[in-house]
Structure formats: C-alpha cells, structure tokens
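Colleague: I would like to see how this sequence folds:
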Amino acid sequence: MNKVRDEAAAEDLLQEIFIRIHTRIDTLQNDSKIQAWIYQITRNLISDYFIKIKKEKQQLPDPDTEEQDSSTEYMAEALRDMANMMDDLPPEYCEALCLTELGGMSQKLYAEKIGISYSGAKSRVQRAKIMMRNMLMKCCHYQFDKYGTVFDIHPKNCCCCQMSEE
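Modeller: Residues are numbered from 1 along each chain as shown. Coordinates of the predicted model:
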C-alpha cells in the first residue's frame, strides 16, 4: 500500500481487497497458493486504481486552455467593438490607426505617405489610440492583464453590444 500515496485511497483499497477476498474465496483452487492469490488481487486493484486516476486526470479540462479560450473570445469582441467605432473617429485619426495598427505600415512610412513629419505621425497615431481607448472605455469596462490582453468585459454604456445583439 506504500505505492498509493493518498492515505484515504489506501484505506479504501484495503477494504476493497478484503471484500474481494471474502466474496471470491471459493474460486481459490489451491490452498497452498493463498498468498500469491491475495497478492494478485491486491496488485490488480492497485493497478485499477491508477488507471482510474489517470482517466480522471485526462477528463479534467485544462484551466490554462479554458482561460486562453475566454481571453481569445474577449479579444475578438474588443476588436469587433473597435471596428464598429472606427467610423466615429475623425477621418485623419481613423486613417492613421487603419494604416499603422491594422495595416502594419510603419509610422515613418505613414508620415511620408501623407506628407507630415515623423513626430507628427507618431503624435497622430498616439492621439488616435487614446481616442479609441476612451471610446471603448466609455462604452464598456475592459479589464486587461499585464500584457494588455483583455480578460473580461462588462457593458457600461454599451453601444457596440447592442449592435452585436441585433
């Protein structure tokens, strides 16, 4: 019983072994081999115990995966909300966010494309991000982890949630 590290489980197994010996003693064919017969019953029950434990562990959902799934779901919802609010940004700020953050264009290339200074482009992108964040936070309460990943959303004054429910 020292193989089973859980004391309560070991007591349950011991009880099961005695029950099995008592109920199946009539199947013992050679009385001189009673020790080997009891050893075999014990070994089988312990083996069944570990198989059962292994199956239970496999059936338990991985909490990290569940957390990651809900986080991915919240991030997708936040992105949908941002896409819905893009039209409410002034056009130059919407363009700045679309080209740099969504389109992947560097801020330096964006500055050259629209004919403003690099620092002016960086400021415009930063102001656009702040406007978008304020619009999002005014609509819903987003909770972020230390990496900026959304892990929870609570509707506050939600215009975007009403749009997605329609």
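Colleague: excluding chain neighbours, what is closest to residue 154?
Modeller: residue 141 (4.4 Å; CB to CB, 6 or more residues apart in numbering). For every residue, glycine as well, the C-beta is placed using N, CA and C.
Colleague: buried stuff in the helix or strand hosting the one you found?
Modeller: Using DSSP states H and E, residue 141 sits within strand 140-144. Residues 140, 142 are the ones in strand 140-144 that count as buried (16 or more other CB atoms under 10 Å).
Colleague: kindly export that strand (C-alpha atoms) in PDB.
Modeller: Output of strand 140-144 as PDB, limited to C-alpha atoms (Å, rounded to 0.1, in the frame of the first residue of the first chain):
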ATOM      1  CA  CYS A 140     -17.700  49.000 -21.900                       C
ATOM      2  CA  HIS A 141     -15.400  48.300 -19.000                       C
ATOM      3  CA  TYR A 142     -12.500  46.300 -20.300                       C
ATOM      4  CA  GLN A 143     -10.100  44.500 -17.900                       C
ATOM      5  CA  PHE A 144      -6.500  43.900 -19.200                       C
END
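Colleague: mind listing what it pairs with, with the direction of each?
Modeller: strand 150-155 (antiparallel) (DSSP bridges).
Colleague: dump the residue contacts of residue 111.
Modeller: 117-118, 120-122 (CB atoms under 8 Å, 6 or more residues apart in numbering).
Colleague: those residues in helices, which ones?
Modeller: 118, 120-122 (DSSP state H).
Colleague: reformat those as TSV; add distance to residue 40.
Modeller: Formatted as TSV, these follow (distance: CB to CB, whole Å):
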residue	distance to residue 40
118	80
120	83
121	79
122	76
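Colleague: what about residue 97, neighbour count?
Modeller: 20 (other CB atoms under 10 Å).
Colleague: and it, how far is that from residue 144?
Modeller: Residue 97 sits 18 Å away from residue 144 when distances are taken as CB to CB, to the nearest Å.
Colleague: ok, residue 100 next?
Modeller: Relative to residue 144, and taking CB to CB, residue 100 is found at 21 Å.
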